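**Student:** show me how the following folds:
(2 chains)
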Protein chains: 2
Amino acid sequence: MASNGNDPKPPVECVLVTGGAGYVGSHTVVKLLEGGYDVVVVDNMSNCTQNEKTSQPESLLRAQALTGRRLTFYGVDINDEAALDAVFKKASFTTHSVDCVLHFAALKSVSESCQIPMTYYRNNVAGTLALVKVMTDNNVKRAVYSSSSTVYGTPQCLPLDEGHPTGQGCTNPYGKSKFMVEEMFKDLCSADKCWRVISLRYFNPVGAHESGRLGEDPLDTPNNLMPYVAQVAVGRRPKLRVYGDDYPTSDGTGVRDYIHIDDLAEGHLRALERMFSAGLDGFRPYNLGTGKGHSVLEVVQAFSEACGKKIPYEIAPRREGDIAASYCDASLAKRDLGWAAKKDLKEMCKFL
Amino acid sequence: MASNGNDPKPPVECVLVTGGAGYVGSHTVVKLLEGGYDVVVVDNMSNCTQNEKTSQPESLLRAQALTGRRLTFYGVDINDEAALDAVFKKASFTTHSVDCVLHFAALKSVSESCQIPMTYYRNNVAGTLALVKVMTDNNVKRAVYSSSSTVYGTPQCLPLDEGHPTGQGCTNPYGKSKFMVEEMFKDLCSADKCWRVISLRYFNPVGAHESGRLGEDPLDTPNNLMPYVAQVAVGRRPKLRVYGDDYPTSDGTGVRDYIHIDDLAEGHLRALERMFSAGLDGFRPYNLGTGKGHSVLEVVQAFSEACGKKIPYEIAPRREGDIAASYCDASLAKRDLGWAAKKDLKEMCKFL
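**Tutor:** Below is the predicted model:
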């Protein structure tokens, strides 16, 4: 972080961001740049279009334009240990060494993970093992990990707090990969007290940067509700399919804890600030959600109001592996990290 | 398998064995050679002495001497995808292509896995992912996997059958790594119907080849009971430490399902024979155990009788993570694979 001459050296100056070109990554990069951090992004550009692969991904160009600051970008896959090691070494020669890693790099489609599970395990699990190896070799032992509420599997009780069992009833390779990596970090932190890992368990990230220049716009049929709704609103798809209206919820449709991408990105900044504080040692999981559940039809309603258009939808059968309701107890992040979501459903629908 | 001129081509001729120089691997290699299979062994020799690393590991030289047959050995680490790929390619050029992989390669000390968890995850989990990648690239989609009863975690009921939940209460990285790999294979078999994986969940392998030329003799303090008892018997250690005598078992000491290494190796042959049969598709886990539990003191007694010596022991506190009792229902392996353990505790103590 930028310091004036009188401050003691702040603990974190240089942050390496894996998967920094992605949806959550790029929003967090904006906040890091605004916060004065030196940012090194590593991304294999697997989510980029062919066009973007020739230079820097569009999301990072926009992040720099939005903030007026520069970042360092490497088109490197975290599974390529030699290339990744070179990035850590270069960072320590050219600017200063990496203080902490924000680890976003992962494949994230639940349905795709069922079709090509080994690709998911290689990217998400083996990729993290490669990253940890290189971090250890370079004596960087601080990480903020992009985890997910899917680690809780089928909720045994609601709201979900961090003490809820994990890994039980995870029905898809994506969710399992997130669970496995958490277990590995847990074991690592038990074995080596120098390691400190904050695992942020995202609920359902939605929304876009208020500039309208950063967001989520998948090319294929969206797996997540919000981009789907947005594509229906602009006429790219005729109607929304609502999977299941016979769940034991208020209106029968699935209930989720949606969180604005801006709040989510902010959560990473808070985690980073606390990373070097006393008392916050070992492996620490935190829920990042609003703590409020909204049904699919509530979301559709809110979105209709925001854009002034009716969103046509049809009821389809339940999707296999979907759960009825999921929302969190977000009090631990508030207590330990001083973080709480600020934006409500209405604001989430604003800049989609 | 060797065929006479009248037989139709048998389905499995060439078997690639990862970790074939190890304890279970080398005993299985003997049976494979006896059974007429072409055997290609891949082993990184991490469990070999410096001396053995210059040529073939001693265990494989002995396996060949015992059977009068040759095998092909490569000193390759399964994490080295390029080298592993070359092994598959060479096999298909020089003899014939690999029909099935027996995957033993793994680190196996529970206590060590708590100290260096990432080394375990890299070897056992990422190593398997690398192997699966290379197998897929070479269109080899049959594997017999060395799993472990540790995947069951803390038993919710006894005997343990294959329907018992897995992954819950796994307290150490070794056991978790076995569980994670099973999950990955499960997902792989669901996604790609050409894959077939038989996962053999070993209970507590003990004993040695009847020639006395193959066995388990760890250099450090043994983690497992039997080699420990054997070292006390020959005077290499003064006395046996019995961890806990206040478990809810017949005499208060821990109860395990010990299985003779010869029976265990035989189980792999049966799995291999069934690998290409109709009906045995997808991911199939099987317990390999006798179905009988023996307490530590029963083992000490049996061993004393076998060697005609008293085994001095002392009671020590319980070890963290140890469970009271574990033994299996072995009926599924009998029904599906036609396999059952033949040797009892007395015979297990014979050739140690």
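**Student:** could you list every helix and strand in contact with the least confident helix or strand in chain A by mean pLDDT?
**Tutor:** Using mean pLDDT, DSSP states H and E, the weakest-scoring helix or strand in chain A turns out to be helix A:225-233, at a mean of 85. Helix A:225-233 sits against strand A:204-206, strand A:240-243, helix A:296-307, with contacts defined as 3 or more Cβ pairs under 8 Å, 6 or more residues apart in numbering or on different chains; DSSP states H and E. The C-beta positions use only the backbone N, C-alpha and C, and glycine is treated the same way.
**Student:** which of these is buried the deepest?
**Tutor:** Among the helices and strands packed on helix A:225-233, strand A:204-206 has the highest mean neighbour count (mean count of other Cβ atoms under 10 Å in any protein chain shown), at a mean of 24.
**Student:** looking at it now, give me its mean pLDDT.
**Tutor:** Average pLDDT, strand A:204-206: 90.
**Student:** closest to chain B out of the helices and strands packed on helix A:225-233?
**Tutor:** Closest approach to chain B among these (Cβ to the nearest Cβ): strand A:240-243, 20.4 Å.
**Student:** got a list of contacts for the closest one?
**Tutor:** The set of residues external to strand A:240-243 that reach it, using Cβ atoms under 8 Å, 6 or more residues apart in numbering or on different chains, is A:228-229, A:232, A:253-254, A:296-297, A:300, A:311-319, A:322.
**Student:** contact partners of the helix or strand that comes right after that strand?
**Tutor:** Once the chain leaves strand A:240-243, the next helix or strand it forms, by DSSP states H and E, is strand A:255-256. Identification of contacts with strand A:255-256 by Cβ under 8 Å, 6+ apart yields A:203-204, A:225, A:247, A:249, A:293-295, A:324-327.
**Student:** buried subset of the contacts of strand A:240-243 as a PyMOL selection?
**Tutor:** To isolate the buried ones among the contacts of strand A:240-243 in PyMOL, judged by 16 or more other Cβ atoms under 10 Å in any protein chain shown, type:
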select buried, chain A and resi 228+229+232+253+254+296+297+300+311+313
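**Student:** re earlier: and the angle for the least confident helix or strand of chain A with helix A:296-307?
**Tutor:** Counting by axes from the mean of the first three to the mean of the last three Cα atoms, to 10 degrees, helix A:225-233 lies at 50 degrees to helix A:296-307.
**Student:** that older thread, lowest-confidence entry in the contacts of strand A:255-256?
**Tutor:** A:Leu225 (85).
**Student:** that one contacts A:Val296, correct?
**Tutor:** Yes - using Cβ atoms under 8 Å as the test, A:Leu225 is close enough to A:Val296 to be in contact (6.3 Å).
**Student:** show me which helix runs longest in chain A.
**Tutor:** The longest helix of chain A (DSSP state H) is helix A:173-191.
**Student:** in that helix, what counts as buried?
**Tutor:** So helix A:173-191, judged by 16+ other Cβ under 10 Å, has buried residues A:173-189, A:191.
**Student:** which among the residues you listed are in contact with chain B?
**Tutor:** A:173, A:176, A:180, A:183-184, A:187-188, A:191 (Cβ under 8 Å from any Cβ of the partner chain).
**Student:** now render those as CSV, adding pLDDT.
**Tutor:** Shown next, in CSV, are these (pLDDT from 0 to 100):
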residue, pLDDT
A:Pro173, 97
A:Lys176, 98
A:Met180, 98
A:Glu183, 98
A:Met184, 98
A:Asp187, 98
A:Leu188, 98
A:Ala191, 97
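**Student:** out of these, which is nearest to chain B?
**Tutor:** So of these, ranked by how close each gets to chain B (Cβ to the nearest Cβ), first place is A:Asp187, at 3.7 Å.
**Student:** can you get me a residue count around the residue nearest to the closest one when sequence neighbours are not counted?
**Tutor:** In this structure, A:Asp187 finds its nearest non-sequential neighbour in B:Pro117, 3.7 Å apart by Cβ to Cβ, 6 or more residues apart in numbering or on different chains. Per other Cβ atoms under 10 Å in any protein chain shown, the neighbour tally for B:Pro117 reads 26.
**Student:** show me where the stretch 51-200 of chain A dips below the pLDDT cut-off.
**Tutor:** Within the stretch 51-200 of chain A, the stretches with pLDDT under 70 are A:53-54, A:95.
**Student:** report the angle between the helix or strand just after the longest helix of chain A and helix A:173-191.
**Tutor:** Next in sequence after helix A:173-191, counting helices and strands by DSSP H and E, comes strand A:196-202. Strand A:196-202 runs at 160 degrees relative to helix A:173-191, counting by the same axes, to 10 degrees.
**Student:** ok, A:Val24 to A:His96 distance?
**Tutor:** Using Cβ to Cβ, to the nearest Å, A:Val24 is found at 26 Å from A:His96.
**Student:** these two - which one has more neighbours?
**Tutor:** Per other Cβ under 10 Å, whichever of A:Val24 and A:His96 has more neighbours is A:Val24, with 23 against 11.
**Student:** in a helix, that one, correct?
**Tutor:** Yes - under DSSP: H, G, I helix; E, B strand; the rest coil, A:Val24 falls within a helix.
**Student:** which residues of chain A fall in strands?
**Tutor:** A:14-18, A:38-42, A:72-74, A:100-103, A:142-148, A:196-202, A:204-206, A:240-243, A:255-256, A:258-260, A:282-288, A:294-295, A:313-316, A:325-326 (DSSP state E).
**Student:** packing partners for the third one?
**Tutor:** Which is strand A:72-74. Here strand A:72-74 is seen to pack against strand A:38-42, helix A:81-94 when contacts are counted using 3+ Cβ pairs under 8 Å, 6+ apart.
**Student:** 7 Å instead, please
**Tutor:** strand A:38-42 (3 or more Cβ pairs under 7 Å, 6 or more residues apart in numbering or on different chains; DSSP states H and E).
**Student:** how far does stretch A:301-314 sit from its chain's centre?
**Tutor:** 26 Å (Cα atoms, centre = their mean, to the nearest Å).
**Student:** oh, that last question was meant for stretch A:104-117, not what I typed.
**Tutor:** Between the centre of stretch A:104-117 and the centre of its chain there are 14 Å (Cα atoms, centre = their mean).
**Student:** what comes up buried for that stretch?
**Tutor:** Buried residues in stretch A:104-117, counted by 16+ other Cβ under 10 Å: A:104-110, A:112-114, A:116-117.
**Student:** got it, and stretch A:162-174?
**Tutor:** A:162, A:164, A:166-167, A:170-174.
**Student:** try stretch A:248-262
**Tutor:** Neighbour-count burial for stretch A:248-262 [16+ other Cβ under 10 Å]: A:249, A:252-262.
**Student:** can you check stretch A:194-210 too?
**Tutor:** By neighbour count on 16+ other Cβ under 10 Å, the buried set for stretch A:194-210 is A:195-209.
**Student:** can you pick out the most distant pair from these?
**Tutor:** A:Trp195 and A:Ala208 (34.3 Å; Cβ to Cβ).
**Student:** spell out which parts of the stretch 101-250 of chain A neighbour chain B.
**Tutor:** Proximity of the stretch 101-250 of chain A to chain B, by Cβ under 7 Å from any Cβ of the partner chain, involves residues A:114-118, A:121-122, A:125-126, A:129, A:132-133, A:167-168, A:173, A:176, A:180, A:183-184, A:187-188, A:191.
**Student:** list the contacts of the residue lying closest to A:Val181 once chain neighbours are set aside.
**Tutor:** Closest residue in space to A:Val181, ignoring its immediate chain neighbours: A:Thr128 at 4.9 Å, by Cβ to Cβ, 6+ apart. Applying Cβ atoms under 7 Å, 6 or more residues apart in numbering or on different chains, we find A:Thr128 in contact with A:103, A:181, A:184.
**Student:** hmm, 8 Å instead?
**Tutor:** Taking Cβ under 8 Å, 6+ apart as the definition, contacts of A:Thr128 comprise A:78, A:103, A:181, A:184.
**Student:** same deal with A:Val101?
**Tutor:** By Cβ under 8 Å, 6+ apart, A:Val101 lies in contact with A:15-18, A:131, A:135, A:140, A:142-144.
**Student:** I'd like those as JSON lines, with neighbour count appended.
**Tutor:** Below are the contacts of A:Val101 laid out as JSON lines (neighbours: other Cβ atoms under 10 Å in any protein chain shown):
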{"residue": "A:Val15", "neighbour count": "28"}
{"residue": "A:Leu16", "neighbour count": "28"}
{"residue": "A:Val17", "neighbour count": "29"}
{"residue": "A:Thr18", "neighbour count": "28"}
{"residue": "A:Leu131", "neighbour count": "23"}
{"residue": "A:Met135", "neighbour count": "22"}
{"residue": "A:Val140", "neighbour count": "22"}
{"residue": "A:Arg142", "neighbour count": "21"}
{"residue": "A:Ala143", "neighbour count": "26"}
{"residue": "A:Val144", "neighbour count": "28"}
